[in-house]
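**Student:** Got a predicted model here, sequence first, then my questions.
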Amino acid sequence: MNLKAARLYIKRSLIVLLALAGGAAAQTPNAAPTPQPQAAPLRLTLRDAVNLALKQNPNVILANLEVARSEEERLAARAGLLPQGGAGVTEVDQRLNVQALLGQPFPGIPEHAGPFQTFAAGVNFQAAVFDLTLWRRYRSAKIGVDASRAGETAAREESVLLVVSQYLGGQRAAANVQSVQSQVDLAQALYDQASDLQSHGVG
């Protein structure tokens, strides 16, 4: 790998790492640079890069939200299998039409009676003894939670794999740059030595 290609690879790797770390907006090598103040370079260890990617990768965030949604669906499905209870209080005022109730008026009996106040309070309790639909719905929700967790794990592993490969690629490219630069320095030193020898009439 020559010096220009190694530097280009380092630049592309740093663009990917800065984008994952929420750094400055990445620019492609062919895009025209905009006049912006030069920010200090962000130095990241491999652990820091992986942690930032797991926190800010949209795929990982969406996978975490999917796991939370599946958990809520499981809890809702389980609620249908649990016993249900309630309590109620009623109060009623009634006034009776005695003549309508008896069918005819009677002397000495008033036409209306009341009002009468009725108060009632009670509790109720119910439970599904055997409901195959609710049970299958709950089992389906549990399987959905497992599937969401598997998807979240896959998204995390994919993000870690991408960051680690880019990070190691950047380190390898930096080592290649140093190697090529050493070769350039050696060639320059040999050239200077040959020029000195020729200028002094030795070679």
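**Tutor:** Sure, I can see it. Numbers count the residues shown, from 1 in each chain.

**Student:** and the one helix or strand E157 maps to, what other elements does it pack with?
**Tutor:** Following DSSP states H and E, one finds E157 within helix 132-199. With contacts taken as 3 or more CB pairs under 8 Å, 6 or more residues apart in numbering; DSSP states H and E, helix 132-199 sits against helix 3-20, helix 46-56, helix 58-79. Placement of C-beta: from N, CA and C, glycine included.

**Student:** List the buried residues for the shortest one?
**Tutor:** In other words, helix 46-56. For helix 46-56, a neighbour-count test (16 or more other CB atoms under 10 Å) marks A49, V50, L52, A53, L54 as buried.

**Student:** count of residues packed around K142?
**Tutor:** 15 (other CB atoms under 10 Å).

**Student:** what's near enough to touch the residue nearest to it when sequence neighbours are not counted?
**Tutor:** Closest residue to K142 apart from its sequence neighbours, by CB to CB, 6 or more residues apart in numbering: R74 at 5.7 Å. Counting by CB atoms under 8 Å, 6 or more residues apart in numbering, R74 touches Y138, A141, K142, G144, V145.

**Student:** likewise E91?
**Tutor:** Contacts of E91 by CB under 8 Å, 6+ apart are Q117, T118, F119, A120.

**Student:** Out of the residues you listed, which end up buried?
**Tutor:** Using 16+ other CB under 10 Å, nothing in these comes out buried.
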